[in-house]
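Chemist: missing the sequence, but the structure's below:
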């Protein structure tokens, strides 16, 4: 009897479980088919269950040929793309906050048309946001990508197809830090002012990042890694962070061994044990953190370093250097790097570094649609890396840790910090608060080149005895620092020549003459931390006063900037004159002399690079960072 009751009980239990299972399946199917916003995906696929990027990007041979659903998006082969307006639903989680202003008309050679886009990431998981990408933007995002399929059939570009519809965009709000749209020519120090362009408004900007099918993971912090950064990171704190990261940060282990790994480790040992240099006619020791290490590292770079330059890429964006204007640094480096017979190798097996030769300025010029997000720019770079990883296996060996890029445009940090996060990045916009990684990334000098035929034209300045002005600044009111500077010092003191935009003059003679006849040149940030005034001050032999919190100065891993520049916190603008007057004359004379000495490291040369010039300094910083982050398989 007991056995009969037990059997009946088990049978009924099975029936009940089947009934519950069928009911749950029907509910899930109903939600999947009926709910307009794909709620079932958010129920089933929590964030910690979504496949990681490493399992997708770096196994290019396993890329699916059929459409696949991933993180609220469906990715199809480019051949299946309809070209219709696409809507992207984006859920973002970030430990960082990018805060950039969002309206106004810009010039500075298109700099301010490309200045901060106004996206704002919270420190906690944000709500689901949606961005509507126009037909024009969608087509622009595919520029040149069709050529990828001609180059590599097994790694096609993929279009983004929405799985749901986005709600209407919220009304535009004007940032209180930005003046209303106005027509003007900014940046007196250049000859390259162009028509004003509208920057996209803040509510219109969303970045295609965490929803990308190959979303790279930023380098993980190791034990002893840097602590959370304060609101303002002083130059002394940056020094500590550099030393801290140099000791603790290393790139991921290569997936298979190569002789180049041992060569890098051997180079590191030789640099760490460099012979003491007491005198060198070409190097002024006080300019450097450790001139002995620099000299040995530079010698090893000249003797050892081989760079493989990828040939792939659309000519409108890749391999097309711009040699004049505000962003000329990336163009001149590309020109000299691709033409180098000393460093470039055609055999990637021998390469210590791999160069991704894209121009961040060309990218914006070719793809950015005014008043839109720059998600299509990020997607373009994502597709480019997909193509590189699919055609060559070198990216997959280190996850991109031995690849580098040189990008001067202000958007470059945001464009590259996901899909190229593990790469060595040389960035003009070197902002501690924008994900700059000490010991891996390097600060790229922003140089204004007026004459590509003679980039060193008009350098030099007056003797100290003829420098009658204590401090000089002129520029448009971009960002929040410059208006404060003028509020306190414009027309307030004859020793402080602080202006807005100077009247236009041929060859910007007024601006240049002020720099050549001033003791100190104020390098105040605009929308971003970087400014070409830093290098201009050096070229005109004026001691730079860097008024930009959290800005990492160029070649920071090598140069002792406090020996030839003054760093003033933004909060100390009201006390600016007293700070400068407190510097003893003897100290000023030393700094001014050292500015003249360091000048050779910031010069471009037209025909071919010269030892220790800006090209070699950029390449050396990339080489040095790779040497000290490399690990063996």
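Modeler: Cool, the structure landed. In this text the structure is predicted, and so the values were computed from the model without any measurement.
Chemist: In this structure, where is pLDDT below threshold?
Modeler: 1-6, 27-230, 507 (pLDDT under 70).
Chemist: Can you pull the domain assignment for it?
Modeler: What the record gives for the chain is the domain set 235-449+616-629, 464-602, from the TED database.
Chemist: The longest strand seen in the chain: partners in the sheet, and parallel or antiparallel?
Modeler: The longest strand of the chain (DSSP state E) is strand 518-524. Here strand 518-524 has these sheet partners by DSSP bridges: strand 469-473 (parallel), strand 543-547 (parallel).
Chemist: Tell me which other helices or strands whichever strand or helix holds residue 361 touches.
Modeler: Assigned by DSSP states H and E, residue 361 falls within helix 360-367. Contacts defined by 3 or more Cβ pairs under 8 Å, 6 or more residues apart in numbering; DSSP states H and E place helix 360-367 against helix 135-141, helix 328-339, helix 375-391, helix 412-416. In this view, the C-beta of every residue, glycine as well, is placed from N, C-alpha and C.
Chemist: Dump those helices to CSV, plus distance to residue 455 and mean neighbour count.
Modeler: Formatted as CSV, the helices and strands packed on helix 360-367 follow (distance: least, Cβ to Cβ, whole Å; neighbours: other Cβ atoms under 10 Å):
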stretch, distance to residue 455, mean neighbour count
helix 135-141, 32, 18
helix 328-339, 7, 22
helix 375-391, 28, 24
helix 412-416, 22, 24
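Chemist: tally of neighbours for residue 472?
Modeler: Residue 472 has 25 neighbours, counted by other Cβ atoms under 10 Å.
Chemist: Isn't it up against residue 518?
Modeler: Yes - between residue 472 and residue 518 there is a contact under Cβ atoms under 8 Å: 3.9 Å.
Chemist: overlap in contacts of these two?
Modeler: Shared contacts of residue 472 and residue 518, defined by Cβ atoms under 8 Å, 6 or more residues apart in numbering, are found at 497, 542.
Chemist: List the contacts of residue 291.
Modeler: Per Cβ under 8 Å, 6+ apart, neighbours of residue 291: 277, 280, 283, 285.
Chemist: Now a PyMOL select for only the buried ones of these.
Modeler: The PyMOL selection below is limited to those of those classed as buried (16 or more other Cβ atoms under 10 Å):
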select buried, resi 277+283
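Chemist: ok, of the contacts of residue 291, which one's closest to residue 614?
Modeler: Distance to residue 614 across those (Cβ to Cβ) is lowest for residue 283, with 15.1 Å.
Chemist: Is that closest one located within a strand, as I assumed?
Modeler: No - applying DSSP: H, G, I helix; E, B strand; the rest coil, one finds residue 283 to be coil, outside a strand.
Chemist: Next one: it from residue 277, what distance?
Modeler: 8 Å (Cβ to Cβ, to the nearest Å).
Chemist: which residues are common contacts for those two?
Modeler: Going by Cβ under 8 Å, 6+ apart, residues that sit against residue 283 and also against residue 277 are 291, 295.
Chemist: one step back: could you dump the domains of the chain into TSV and include distance to residue 22?
Modeler: Below are the domains of the chain laid out as TSV (distance: least, Cβ to Cβ, whole Å):
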stretch	distance to residue 22
domain 235-449+616-629	42
domain 464-602	58
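Chemist: returning to that earlier point: let's have the strands paired with strand 518-524 in a markdown table, adding distance to residue 451.
Modeler: Formatted as a markdown table, the strands paired with strand 518-524 follow (distance: least, Cβ to Cβ, whole Å):
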| stretch | distance to residue 451 |
| --- | --- |
| strand 469-473 | 23 |
| strand 543-547 | 23 |
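Chemist: Can you check which of these gets nearest to residue 299?
Modeler: Here strand 543-547 is closest among the strands paired with strand 518-524 (Cβ to Cβ), at 29.2 Å.
Chemist: which residues touch the closest one?
Modeler: Residues from elsewhere that reach strand 543-547 (Cβ under 8 Å, 6+ apart): 471, 481, 485, 519-525, 533-534, 537-538, 553, 564-568, 570, 573, 576, 580, 588, 591-592, 595.
Chemist: Just give the number of residues close to the nearest residue to residue 435 once chain neighbours are set aside.
Modeler: Nearest non-adjacent residue to residue 435, counting by Cβ to Cβ, 6 or more residues apart in numbering: residue 417, 4.8 Å away. Neighbour count for residue 417, taken as other Cβ under 10 Å: 24.
Chemist: Same check on residue 11?
Modeler: 10.
Chemist: tell me which element it falls in.
Modeler: helix 2-34.
Chemist: Any buried residues in the strand or helix carrying residue 576, and which?
Modeler: Residue 576 belongs to helix 576-581 when assigned by DSSP H and E. Of the residues in helix 576-581, 576, 577, 579, 580 count as buried by neighbour count, 16+ other Cβ under 10 Å.
Chemist: Next SSE downstream of it?
Modeler: Next in line after helix 576-581, if elements are assigned by DSSP H and E, sits helix 585-598.
Chemist: Run the angle between the very next helix or strand once past that next one and helix 328-339 for me.
Modeler: Sequence order places helix 614-629 as the next helix or strand after helix 585-598, per DSSP H and E. Angle, helix 614-629 to helix 328-339, by axes from the mean of the first three to the mean of the last three Cα atoms, to 10 degrees: 80 degrees.
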